[in-house]
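Q: could you work out the structure for the sequence below:
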Amino acid sequence: MNAERDLTRLLAGMRPELAPGRYVFTTVAGPAVPAGVAPVVTVAEREGLTLVVRQEEADAAALAYDYAAGWITLRIHSALDAVGLTAAVAGALAGAGLSCNVVAGFHHDHLFVEHARAQEALAVLERLAKEGAALGVTPREAKGVTPPQS
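A: Below is the predicted model:
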């Protein structure tokens with residue numbers, strides 16, 4: 001599947017994309033998703049089923065929530081065993097005072113950030129991608145360790 005593992009290439013190629021709409025985190029008892037609700041994320045927890053859904057769907061189904069998020073997808077196929085992408089992204093956002101809830105899909109990483117600051121988060125990630133592209137070296141080379149030649 002050619003998933004990317006190199007942190008510099010992941011950062012340089014992540015192409016963050018903000019989905020339209022507002023997304024909320026809610027929870028329901030039991031394993032069933034309520035009728036009329038199409039979650040973009042589900043997480044089964046001992047306390048209940050967490051759903052990330054469009055705010056309109058949560059409102060229509062009378063589901064309680066207290067956090068509205070913007071949904072940013074990193075448009076690079078990151079390997080599930082890649083090291084450092086989540087830390088780099090979360091660190092950059094934290095440096096700007098932005099919270100971030102990360103969900104890894106098979107193909108992409110998805111970030112849920114405060115909706116009111118989603119455009120700001122997108123700009124932070126776009127700057128991080130430019131910095132990754134400008135770096136132009138592998139993380140090992142950046143630390144002064146030259147990888148073995150094959």
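Q: buried residues in stretch 27-37?
A: Neighbour counts over stretch 27-37 (16 or more other Cβ atoms under 10 Å) mark Val28, Pro34, Val37 as buried. No exception for glycine: its C-beta is placed from N, CA and C like everyone else's.
Q: and the pLDDT at the last one?
A: As predicted, Val37 sits at a pLDDT of 96.
Q: ditto for the second one
A: Confidence at Pro34, expressed as pLDDT, is 95.
Q: where's it, which helix or strand?
A: Under DSSP states H and E, no helix or strand contains Pro34.
Q: tell me the contacts of it?
A: By Cβ atoms under 8 Å, 6 or more residues apart in numbering, the contact list for Pro34 reads Val28, Ala61, Leu63.
Q: isn't the last one up against Arg54?
A: No. Leu63 is not in contact with Arg54 according to Cβ atoms under 8 Å; the separation is 11.0 Å.
Q: so what sits against both of the two?
A: By Cβ under 8 Å, 6+ apart, Leu63 and Arg54 have these common neighbours: Val24.
Q: what's the neighbour count on the residue lying closest to His110 once chain neighbours are set aside?
A: Spatially, and ignoring its direct neighbours in sequence, His110 is nearest to Val103 (4.6 Å; Cβ to Cβ, 6 or more residues apart in numbering). Residues lying near Val103 (other Cβ atoms under 10 Å) number 15.
Q: can you say which helix or strand has Val103 in it?
A: Going by DSSP H and E, Val103 is part of strand 101-104.
Q: give the rounded mean pLDDT of that strand.
A: Averaged across strand 101-104, pLDDT comes to 96.
Q: what's near enough to touch Val33?
A: Pro39, Thr42, Leu49, Leu51.
Q: at 10 Å instead, please
A: Contacts for Val33 (Cβ atoms under 10 Å, 6 or more residues apart in numbering) come out as Pro39, Thr42, Leu49, Leu51, Val53, Ala61.
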